[in-house]
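need a structure here:
(one chain, ligands or ions: 1)
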Amino acid sequence: MLKNFAHISRRYALKTITVSDGDLSYAASIATRFVDGRDLTATTYDSYEDLLKIYPEAEGNVERLKSLSVNVIHNVAVQNLSTDNRLAGEKFDCIINNFPHSGFVKGLSETVPEMIKRHQDLVISPFFKHAVKMLHPNGQIHITHKAAPPFSNWDIVKIAETHGLKLLSTTKFNPNRYPGYRPKCGAGHTPNKGFRVGKCVIYKFVLKKLKSKKIYKFVLNSHKSKKK
Ligand SMILES: C[S@@+](CC[C@H](N)C(=O)[O-])C[C@H]1O[C@@H](n2cnc3c(N)ncnc32)[C@H](O)[C@@H]1O
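Modelled structure (predicted):
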């Protein structure tokens, strides 16, 4: 069993939400190994019916999550994250979005500025805009993203800064650390298709107004009392 979840000790209860999960294998992996299911909310953009049609493993992952007391919510778009009445008023210590992507457009390559802007406008900016409203003052927002062009041209750090966030650190993302997790394309003709993550990183953001080292320490300390 691994000791750390995204470099935050699992000894402390961390109220965590996953956003834009594909077949929910990531949420199932972290609920099994790193976070108490009662502290986890797992969300998908797809409806439950669509998930079952798209991903053969989704039903089993949902059952697994429910058996671990995870709050599983479907039809959650980043555009409505903080206003969704199923999440209203909730604050999280860790908000995770792995491989955000707004979907493929026929005839538009991932490399053209128009496509990059589409991803920025449809899934990156709205995600940060809503996630900051749901973030515990000492919490962290984690985005996992490919670190090579054209994905590294999305200006994720700059966009985060316009939403009152600052980069705390980056960590190499190794999917093998999350047994059972299967990264999914989630769009196009074969949404169940996996993809090779290649060189990618977890960008970890905190609110700009506080000093990052203090925040990080405080995140750990503030949860000692919540230990279950
Ligand atoms: C590249 S896939 C990554 C899926 C999953 N996070 C993973 O790591 O396997 C991008 C995901 O973003 C979701 N998505 C697309 N548009 C979205 C939106 N507006 N709000 C929330 N999620 C969205 C898709 O349903 C898809 O599951």
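
Just list the residues touching the closest residue to the ligand within the chain, thanks.
Of all residues in the chain, G186 sits closest to the ligand, at 2.7 Å by CB to the nearest ligand atom. Placement of C-beta: from N, CA and C, glycine included. Contact partners of G186, counting by CB atoms under 8 Å, 6 or more residues apart in numbering, are 20, 22, 45, 101, 103.

The third one: neighbouring residues, count only.
Other residues near Y45 come to 19 when the count uses other CB atoms under 10 Å.

Can you tell me the SS state at the residue of the chain closest to the ligand?
Secondary structure assignment for G186 (DSSP: H, G, I helix; E, B strand; the rest coil): coil.

how close does the residue of the chain most remote from its centre get to E114?
Here the centre of the chain is the reference, and by CA atoms, centre = their mean the most remote residue is G107, at 28.2 Å. According to CB to CB, to the nearest Å, G107 stands 10 Å off from E114.

same check, this time on D84
Distance from D84 to E114, by CB to CB: 29 Å.

Settle it for me: which of these two has more neighbours?
It is D84, of D84 and E114, that has more neighbours when counted by other CB under 10 Å, with 17 against 9.

what about the strand ranked longest in the chain, distance to the chain center?
Longest strand of the chain, by residue count under DSSP state E: strand 135-146. Remark: strand 135-146 is offset 8 Å from the chain centroid, using CA atoms, centre = their mean, to the nearest Å.

again with stretch 174-181
14 Å.

likewise stretch 22-40?
11 Å.

Just the CA atoms of it, as CSV, please.
Output in CSV follows, covering the C-alpha atoms of stretch 22-40 (Å, rounded to 0.1, in the frame of the first residue of the first chain):
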residue,chain,number,x,y,z
GLY,A,22,-13.8,9.3,-17.0
ASP,A,23,-14.8,5.7,-16.0
LEU,A,24,-14.3,6.6,-12.3
SER,A,25,-11.3,4.3,-12.1
TYR,A,26,-9.2,7.2,-10.7
ALA,A,27,-11.7,7.9,-7.9
ALA,A,28,-12.0,4.2,-7.2
SER,A,29,-8.2,3.9,-7.0
ILE,A,30,-7.8,6.8,-4.5
ALA,A,31,-10.8,5.7,-2.4
THR,A,32,-9.3,2.2,-2.1
ARG,A,33,-5.8,3.4,-1.2
PHE,A,34,-5.5,7.0,-0.2
VAL,A,35,-8.6,8.8,1.1
ASP,A,36,-11.4,7.7,3.3
GLY,A,37,-14.4,7.2,1.0
ARG,A,38,-16.5,9.3,3.3
ASP,A,39,-14.2,12.3,2.5
LEU,A,40,-14.4,11.8,-1.2
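
What average pLDDT does it get?
For stretch 22-40, mean pLDDT is 93.

close to the ligand, is it?
Yes - under the criterion of CB under 6 Å from any ligand atom, the ligand is reached by stretch 22-40 at 22, 26.

At which residues are the strands of this protein located?
4-5, 8-9, 16-21, 40-44, 71-73, 92-98, 135-146, 165-172, 200-207.

May I see these organised as a markdown table, with mean neighbour count added?
Formatted as a markdown table, the strands of the chain follow (neighbours: other CB atoms under 10 Å):
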| stretch | mean neighbour count |
| --- | --- |
| strand 4-5 | 15 |
| strand 8-9 | 17 |
| strand 16-21 | 26 |
| strand 40-44 | 25 |
| strand 71-73 | 18 |
| strand 92-98 | 24 |
| strand 135-146 | 22 |
| strand 165-172 | 16 |
| strand 200-207 | 21 |
